[in-house]
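Chemist: structure of the sequence below:
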Amino acid sequence: GVQFPIPRSAAPAGCFGQARLPGARRTCLAGATRVPHSGNIRGGRRELRLTGHGELAGIAYTTSGNGPVLVLVHGVGGRRSDWSPLERHLAAHFTLVCPDRPGRGESGDLSPWTLEAEFSRFRDFVSALATPVSLFGHSLGGQCVLEAMLACDNVLRAVLYEPSLAGTVHPDRPDLETAMTDALAGNDTARVMEIFMTGVLGLSEQEIAVSRMMPGWAQRCRLAPTIVREMCALRQSSTPPGRYAGIEQPVHLLYGSETPAWLLEPMRRLEGAIAGATRRRLDGQGHLALSLAPRLLAQAILAGLEPPPA
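Modeler: Sure, this is the predicted structure:
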């Protein structure tokens with residue numbers, strides 16, 4: 001998934017429907033290494049003295065706002081600047097830390113790049129913050145968050161919007177990754193974006209035409225290599241069932257009523273694996289709610305990060 005600004009006359013109005021999910025045994029499968037969660041971290045508060053922008057563990061980030069730390073993690077085709085619409089609604093409540101994942105902006109790339117190397121770099125980043133944090137992940141950023149929750153003892157809780165997992169692919173479009181790879185080989189980065197926007201995000205030709213006229217289209221196209229490698233990796237790998245069953249911190253899942261079923265399949269798998277997870281539906285929204293309905297999404301994030309009643 002992607003944070004992608006698509007102009008519309010008005011963002012669709014939405015409302016919430018919430019359901020508590022059934023529990024599941026907390027078992028940690030082989031290969032899902034986890035550092036035990038430290039209970040006293042919830043009571044501790046160390047001030048994170050970060051201002052403006054910086055770099056930790058090879059990851060460039062910006063900060064804004066004031067309050068408890070909330071890290072925002074973008075998905076495929078995203079970048080830290082895409083959080084601007086959401087930041088306006090969250091900065092009064094949190095110190096927001098917005099990193100660029102590897103290969104974007106000022107963040108160094110990984111060589112060789114793999115999904116596991118990506119997850120490892122993000123785990124290092126979260127640990128390097130050295131203060132209690134909450135995490136919000138969109139799409140593939142959601143799996144980055146889950147991996148950090150398994151390994152980092154400073155994570156308090158997380159909210160995920162339509163998280164992707166390795167193995168998340170369009171069931172009716174096995175040609176997508178090949179088409180994007182061919183376009184990239186021909187240095188046609190705009191074509192990569194068009195294939196991604198139609199085949200994955202489900203945007204119309206008219207919406208794409210408007211997007212091409214928006215400021216920042218050229219910068220967006222520079223992300224094409226990261227889009228291709230991540231989409232290919234998602235098809236070529238898989239996430240073992242129950243990998244995240246050992247997560248003990250609260251996890252709140254958000255999704256849009258208009259999102260295609262195949263993009264929601266990972267969320268359904270996580271529902272059954274993470275004990276005590278909760279979910280909330282944003283009616284009238286799809287995978288791009290963070291661009292089209294940032295205020296609505298911010299309200300849902302705030303609700304999801306509230307501690308459960310005693």
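
Chemist: looking at this, residue 134 is in a helix?
Modeler: No - the assignment for residue 134 is strand, going by DSSP: H, G, I helix; E, B strand; the rest coil, so no helix is present there.

Chemist: quick one: average pLDDT of stretch 138-153?
Modeler: The pLDDT scores in stretch 138-153 average 97.

Chemist: actually stretch 95-103, not the one I wrote
Modeler: For stretch 95-103, mean pLDDT rounds to 96.

Chemist: got it, and stretch 194-203?
Modeler: 89.

Chemist: how about it as PDB, C-alpha atoms only?
Modeler: Provided in PDB are the C-alpha atoms of stretch 194-203 (Å, rounded to 0.1, in the frame of the first residue of the first chain):
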ATOM      1  CA  GLU A 194       0.700   3.900 -13.400                       C
ATOM      2  CA  ILE A 195       0.700   0.100 -13.200                       C
ATOM      3  CA  PHE A 196       1.000   0.200  -9.400                       C
ATOM      4  CA  MET A 197      -1.800   2.800  -9.100                       C
ATOM      5  CA  THR A 198      -4.300   0.900 -11.300                       C
ATOM      6  CA  GLY A 199      -3.400  -2.700 -10.400                       C
ATOM      7  CA  VAL A 200      -2.800  -2.300  -6.700                       C
ATOM      8  CA  LEU A 201      -4.600   0.800  -5.600                       C
ATOM      9  CA  GLY A 202      -7.500   0.500  -8.100                       C
ATOM     10  CA  LEU A 203      -7.400   4.100  -9.300                       C
END
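
Chemist: which residues are contacting it?
Modeler: Contact with stretch 194-203 is made by 1-2, 4, 6, 76-77, 170, 173, 176, 179-180, 183, 204-205, 207-208, 211, 227, 231, 260, 286-288, as judged by CB atoms under 8 Å, 6 or more residues apart in numbering. Every residue, glycine included, has its C-beta placed from N, CA and C.

Chemist: report the buried members of those.
Modeler: 1-2, 4, 6, 76-77, 170, 176, 179-180, 183, 207-208, 211, 227, 231, 260, 286-288 (16 or more other CB atoms under 10 Å).

Chemist: hey, where'd the strands end up in the stretch 151-300 of the chain?
Modeler: 155-161, 251-256, 278-282 (DSSP state E, counting those that start in this stretch).

Chemist: the shortest one: how far from the chain's middle?
Modeler: For strand 278-282, the gap between its own C-alpha mean and the chain's C-alpha mean amounts to 16 Å (CA atoms, centre = their mean, to the nearest Å).

Chemist: repeat for stretch 101-118
Modeler: 15 Å.

Chemist: go through it and flag the buried ones.
Modeler: 101-105, 107, 113, 115, 118.

Chemist: touching, residue 168 and residue 236? I think so.
Modeler: No - contact criterion CB atoms under 8 Å: residue 168 and residue 236 do not qualify, at 11.8 Å.

Chemist: and those two? which has more neighbours close in?
Modeler: The neighbour count for residue 168 versus residue 236, taken as other CB atoms under 10 Å, is higher for residue 168 (24 against 12).

Chemist: cool, thanks, talk later.
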